[in-house]
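Visitor: pasting the sequence and the predicted coordinates here, then a few questions.
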Amino acid sequence: MVRAGENLQEGRVMAASRREFLKRSAAATAGVVVGAPLLSACGGSGSGSSPGSSASSAATGTPVRGGRLRLAITGGGSSDQLNPLTSVNNADYARARALFNQLASTSAAGDPVLELAEEITPNRDLTEWTVRLRKGVLFHDGKEMTADDLIYTLQTVFNPKAPATAAGPLKALELKRVKKRDPYTLTLPLSSPSAILVQTLAAAGLAVIPVGFDTKRPIGTGPFRYVSFTPGAQSTFDRFADYWDAPKPYIDQLVITDYTDETSQLNALTSGQADLANGLSVTGAQQAAAEGAHVVYSPGGGWNPFTMRVDVKPFSDVRVRQAMRLIVDRPQMQEVVFGGHGELASDVFGIWAPEFDHDLPQRHQDIPQAKSLLKAAGYSDLTVQLTTSDIAQGVVNMAQIFVEQAKSAGVTVTLNQVTPTDFYGPNYLKWVFAQDYWYYNYYLGQVSTATLPSAPFNETHFDNPTYNSLFAQAVKQPDLTKRADIAHEMQMIDYNEGGYIIPFFVPVIDGFAVKVHGPGVEPSKVGASFNDWDFSSVWIKS
C-alpha cells in the first residue's frame, strides 16, 4: 500500500540497497548554495564535487507571506503552452507546476511521492490498482476535485486523435474498465501486471485537470491560479488562497518571463528585474555570484544527450553509434561546460534509481577504436549534421565541443543551430542527429517514456525486441532485487547498442536573489530547476 507522505518505491519504503547507495554517494553528490563570498570555490573541482563546503541557509527561518516572485526562464518560445498533459520545454513545465498538481511526483531526494493521491494500492497479482484521492482539494474555480476529474483526465490522455504524453507510459491501463468506487476512489485495471505504477505516474507527470478543461482559461489545483499568458513572452499567476497544502504558497504573485539567452537572463537577475534565473552555465553562475546573487548547485540526475536515430544511416549501424560514443572526451566536456560539476556517465540514464547498474564500465575516449569501427562500417570519412538549440543549460556548448573532439577521429560534424521553437516543432523526434535534455526519471519509467516503440519521446527510434521483452518482464516483477537484475540486462543493451550519447549527468545551476528563501531554492536530485519548479514553498524576505 502506498500512502501520501511516504518516500515510496513501488508501494514500499525504500529498499536497504537504495539507502546504502545514497549514504555512499552523499558526499560526492551533495548540492550547495553559494554567494559572492564563495566565488573562488565555484570553479571545477572534479566530477561530482560541490562548488564549496558551506551549508545553505536559504531554507532557514519562518516563512513570510506576500510579495511577487519573478522568474527569468530560458528554453521557451512561441510554442509555449498551458496544457500540463503535453508539456515539452522548461517554460511549459514551470507553468504546469504552478497551476497543477500530479497524482505522484518526485521528491528532492529523487524518490516517488504522492501528491493528489492519498493512497495507491495494487491487488495481489498487480493487475489492478486502487487510487484514493485526497478529500477537500479544490480547483481554482472552487469546485472540489473528485474521481470524475481523474477519469476525465485519463480520457483526455488517451484521446485517440490527440494522445497526451502519459499515454505511452500508461499504455497498459484499460480505460474502458476504469471504475469509480466512490467520489474519491477508483480502480485502474491493467492489461498486464505492473509493479511500478507509482513510479510510472511520477515519471509521466500525470497532472489532474477538471472535467471540461479549457487550455485558454486553465483551471487546476495548483498553488497559483491563471491570470495571463503570452507564449514566448510572459505569464502571470496569483496565489490560490484555498490551496490544499496550506499554508503554502507564501508569495502573492508569480511572474514567469521568457528570455532568449543567458546574457539577458542574467542581466534581469543581477539588475533586480528578476528574482530567479534557471539553468545557468558555470560562467553565468560565477557572474551572478560576483554581482551579489546566490547560486544553488544541485547534483541533478538529469542529462543532456546526443540523440542518434538508429533507424537511419549512418546510425543504423551499431558500429557507428559506438564510434561516436568513443569520440567523446567526457571529463574534458564536463570540465569546460560545467566546471567539473555533475557525474560522469556511460550512455545509460537513471543514476538515482535503485535498479541502476553502477558496475557498468566507465566509457572513455578511444580515438583509435573509434576510427577502426568507422572504417569497418564503411564511414572512414564520415560527415554528419548535428542539430542543436539553446533548450537547456550547456546544450549548445556541448555541441560545439563535440564538433572539435570529432575531428580527432576524422569525423566532420556541422552544426545546425535552430531556435527552441523550431527544435520542438514538426521535426522534433525526426532529427537524425540532435540533442535534447531530460529531467531525472526512474530508470524503468524513463524507458517507458523514451526507448520503447510505444514511448512518446522515442527520439532515437530505438526498437530492440530483446529489450522490449525484458522491460515487460521487469515491470511485472514485484521483487526489487529480481527487477534490478532484469534492468541490468536492459542497461547492458543501452550501453552496447543504444542511440544515446550521455557524457554525464548534468548539474542544475540556478541563480536567485538574496531575498528569496525556502526549499525551492535548495539543492535537489530531480534534475529540474528549483526542486522541480517548487514555487509554493518559496518566500521573500529582505
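Guide: Looks like it arrived, so ask away. Residues are numbered from 1 along each chain as shown.

Visitor: need phi/psi at D534.
Guide: Torsion angles at D534 (phi, psi; degrees, to the nearest 10) stand at phi -90, psi 80.

Visitor: and the nearest residue to it once chain neighbours are set aside, how far is that from S536?
Guide: Counting by CB to CB, 6 or more residues apart in numbering, D534 lies nearest to G520, which is 3.9 Å off, once chain neighbours are set aside. (C-beta placed from N, C-alpha, C; glycine too.) Look at G520 and S536: by CB to CB, to the nearest Å, they are 8 Å apart.

Visitor: so between these two, which is more surrounded?
Guide: Legend: neighbour count by other CB atoms under 10 Å for G520 and S536, higher for G520 (28 against 23).

Visitor: contact partners for the more buried one?
Guide: By CB atoms under 8 Å, 6 or more residues apart in numbering, the contact set of G520 is F530, N531, W533, D534, F535, S536, S537, V538.

Visitor: what's the answer for D125, then?
Guide: P193.

Visitor: how about L280, nearest residue that isn't a chain neighbour?
Guide: Spatial nearest neighbour of L280, excluding adjacent residues (CB to CB, 6+ apart): I509 at 4.5 Å.

Visitor: packing partners for the helix ranked longest in the chain?
Guide: Longest helix in the chain, counting residues (DSSP state H): helix 480-497. Secondary-structure packing of helix 480-497 (3 or more CB pairs under 8 Å, 6 or more residues apart in numbering; DSSP states H and E): helix 16-29, helix 318-327, helix 443-450, helix 465-476.

Visitor: any idea which of these scores lowest on pLDDT?
Guide: Here the helices and strands packed on helix 480-497 differ in mean pLDDT, and the lowest is helix 16-29 at a mean of 30.

Visitor: mind checking how far the most centrally placed residue in the chain is from K407?
Guide: The centre of the chain sits closest to Y439, judged by CA atoms, centre = their mean, with a distance of 1.6 Å. Per CB to CB, Y439 is found 32 Å from K407.

Visitor: just to revisit the earlier point, got phi/psi on the residue nearest to D534?
Guide: Per degrees, to the nearest 10, the backbone of G520 is at phi -60, psi -20.

Visitor: which stretches of the stretch 351-500 of the chain aren't confidently modelled?
Guide: Along the stretch 351-500 of the chain, no part satisfies pLDDT under 70.

Visitor: count the residues that sit near the nearest residue to A455 once chain neighbours are set aside.
Guide: Nearest residue to A455 in three dimensions, chain neighbours excluded: G168, at 5.0 Å (CB to CB, 6+ apart). Using other CB under 10 Å, G168 has 20 neighbouring residues.

Visitor: quick check: buried residues in the stretch of helix or strand I401 belongs to?
Guide: In the assignment (DSSP states H and E), I401 maps to helix 395-407. Residues of helix 395-407 classed as buried by neighbour count (16 or more other CB atoms under 10 Å): V395, V396, N397, M398, A399, Q400, I401, F402, V403, Q405, A406.

Visitor: distance-wise, check the closest residue to A91 other than its chain neighbours relative to G300.
Guide: Distance criterion CB to CB, 6+ apart; nearest residue to A91, sequence neighbours excluded, is G76 at 3.0 Å. As for G76, its distance to G300 is 20 Å (criterion: CB to CB).
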